[in-house]
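Asker: Below is the sequence, then the predicted model.
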Amino acid sequence: MTKRVSKVFAGPRIRELRGRIRKTQQDLAKDLGLSPSYLNQIENDQRPIPSPLMLKLCNLFDVSPGYFGDSDEIRQIQALREILGDPLFKSASLRPAELQAAVRAASGLADRFVTLYRAYRTVVRERNGAEIPQQAMPLSGTGLSAPHVDTSGVPVVSEPVTTVSPYEAVGDWVQRERNYFDEIDRAAEELYETLDFSEGLLAANLERYLRDHHGVKTLTDSTLDSRSVIWRFDKRGRRLLMADGVPSESSVFCMAQVVGRLGYGRLLDRAVKRSGLASADARDLAHVGMSNYFAGALLLPYTRFRQSARMKSHDLDQLQRQFGVSFEQVCHRLSTLQRPAHEGLPFYFIKTDIAGNILKSYSATRFSLPRFGGLCSLWNVFRAFATPGELQVQVSRTTDDAVFLNVARTVGHAGTSYFDRPRRVAIVLGCSISHASELVYAAGLDLSDERTIIPIGPGCRACIRTDCRHRAIPAAGFQIDAGGEERGVVPYHMLPHSTE
């Protein structure tokens, strides 16, 4: 397979970094050995960033080359394509190049437009009494009103409301932070190394630590399961109660989370305070997220885990056995390895249910998910649900011509009785095909054979493929030709809108 090399335009990123250290353009140009006019051209995306300059910027600002990549740009363009597929914008037909130009020229405006659209969808659904899908929640409170419908049938927003979406707000904050929180990560790693924890004895280590340092006893409570409670922390009685039959990896994670809450509460509070989240619900959710982050960083200390992952070619099963954690915990931790100058591979991580609802997602790559529609049916996550517990490997090409290697597998626990309805979800972990040599899952794959690469999209509404046999609905920005002279598997053809 021929490797495509693309030019990197990242002027806004350089301006952002320059602003953080309060340097003028002239001062930065001097530090980099450039003329001010040349740096000005780069910051205005009139010139790409040459490789030697990229290296200088990474060293100066202590960031990885991925920071200057186009991942955020790709996500913004995809979100705009999805939004413009709404009948509200039926008269707007923008070509991909026009969307790219808009995002590059006004990235902040594009973000705010997406926020506004999310708020619009939320209030419209609330007005209609419909449930709001998780993917459609807005970033934060917008001050918009619940709509009424005018004589033309168009919803009109008038009076202020306080509709908020804390879950989505927290998810976007984590994505902005690239799913890495340095202070928390280093504190957890330091605790692991200071106390000389052992990979094979983590449960005993944590139980002893909670007892000796916080006076907390870890006990089993057989009544919790009947109330669908996995664990409960009795703060007054200094007891951590676990449901009977909780898997060892879950109980260890719970103990690690409580260690973070009791011993590092101020550190977690500080991270949440810096988030700028507007609502109390969002901040509460973020605090839980930071407790979970601490737990993952304690069970899988950064340096040890990163080294093991590389030595084992990122074999998920081997890492799971070595550290005594779950498949999901290993995958999620791999997606957080973004410590400056010591990054792991840039992975994307997704957790979804069988209906395609996104329960958790993060991407350190240009891979992105649809915000407002369904997932691509060709994606191997759906094959994973058809073969529970088996690992599905896929090489896929997205509509922006990026190729990824990803693995998918279901996770969950068996029911305890015939009447149980055990929850079944799937985990997807993937990265650019350029890292295939560092993954055990590339073994035996013929990466030069284009026939083995599955063409996937961001969901039918935003997908620009015109020849897909699996299309469920027409894509935004195309004319529909449903002429009767011929038909294929899909009963229409998609044609580009006329530019006249």
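Answerer: Yes, it's here.

Asker: And the helices in the stretch 301-450 of the chain, which stretches?
Answerer: 302-311, 316-323, 327-334, 380-386 (DSSP state H, counting those that start in this stretch).

Asker: got the contact list for the longest one?
Answerer: Same thing as helix 302-311. Identification of contacts with helix 302-311 by CB atoms under 8 Å, 6 or more residues apart in numbering yields 185-186, 189, 192, 319, 322-323, 333-334, 337, 339, 342, 344, 438. Any C-beta I mention is one placed from the backbone N, CA and C, and that applies to glycine too.

Asker: and of those residues, the nearest to residue 244?
Answerer: Distance to residue 244, by CB to CB, is smallest for residue 323 among these, at 24.6 Å.

Asker: need the contact list for that closest one.
Answerer: When contacts are counted by CB under 8 Å, 6+ apart, residue 323 touches 199, 202, 299-300, 305, 308, 330.

Asker: now with 10 Å?
Answerer: Counting by CB atoms under 10 Å, 6 or more residues apart in numbering, residue 323 touches 199-200, 202, 249, 252, 299-301, 304-305, 308, 329-330, 333.

Asker: among these, which ones are buried?
Answerer: Buried subset of those (neighbour count, 16 or more other CB atoms under 10 Å): 199, 202, 249, 252, 299-301, 305, 308, 329-330, 333.

Asker: Dump these into CSV; add distance to residue 112 as well.
Answerer: As requested, those are exported to CSV (distance: CB to CB, whole Å):
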residue, distance to residue 112
199, 46
202, 45
249, 41
252, 42
299, 38
300, 37
301, 39
305, 38
308, 42
329, 35
330, 37
333, 33
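
Asker: Columns distance to residue 286 and pLDDT on top of those residues, output as CSV?
Answerer: Shown next, in CSV, are the buried ones among the contacts of residue 323 (distance: CB to CB, whole Å; pLDDT from 0 to 100):
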residue, distance to residue 286, pLDDT
199, 29, 79
202, 26, 88
249, 24, 92
252, 23, 95
299, 20, 96
300, 21, 97
301, 23, 97
305, 24, 98
308, 29, 97
329, 20, 97
330, 23, 98
333, 19, 98
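
Asker: from these, which single one is nearest residue 444?
Answerer: residue 330 (21.9 Å).

Asker: Quick check: that closest one vs residue 27, distance?
Answerer: Separation of residue 330 from residue 27 (CB to CB, to the nearest Å): 44 Å.

Asker: go on, residue 333?
Answerer: Where residue 27 is concerned, residue 333 sits at a distance of 39 Å (CB to CB).

Asker: what does residue 332 give?
Answerer: 40 Å.

Asker: which one of the two has more residues nearby?
Answerer: Comparing residue 332 with residue 27 by other CB atoms under 10 Å, the one with more neighbours is residue 332, at 23 against 13.

Asker: okay, the residue nearest to that one when sequence neighbours are not counted: pLDDT?
Answerer: Once flanking residues are discounted, residue 332 sits nearest to residue 349: 5.7 Å by CB to CB, 6 or more residues apart in numbering. On pLDDT, residue 349 comes in at 94.

Asker: you'd agree residue 349 is up against residue 329?
Answerer: No: assessed by CB atoms under 10 Å, residue 349 is found out of contact with residue 329, at 11.1 Å.

Asker: Touching both of these two, which residues are there?
Answerer: residue 427.

Asker: Now do the strands for this protein: every range, in order, please.
Answerer: 147-149, 155-157, 217-221, 231-234, 239-243, 348-353, 358-363, 392-397, 403-411, 425-432, 454-455, 478-481, 493-496 (DSSP state E).

Asker: Of all those strands, which one is nearest residue 104?
Answerer: Nearest of the strands of the chain to residue 104, taken as CB to CB: strand 358-363 at 19.7 Å.

Asker: who does the closest one pair up with?
Answerer: strand 348-353 (antiparallel) (DSSP bridges).
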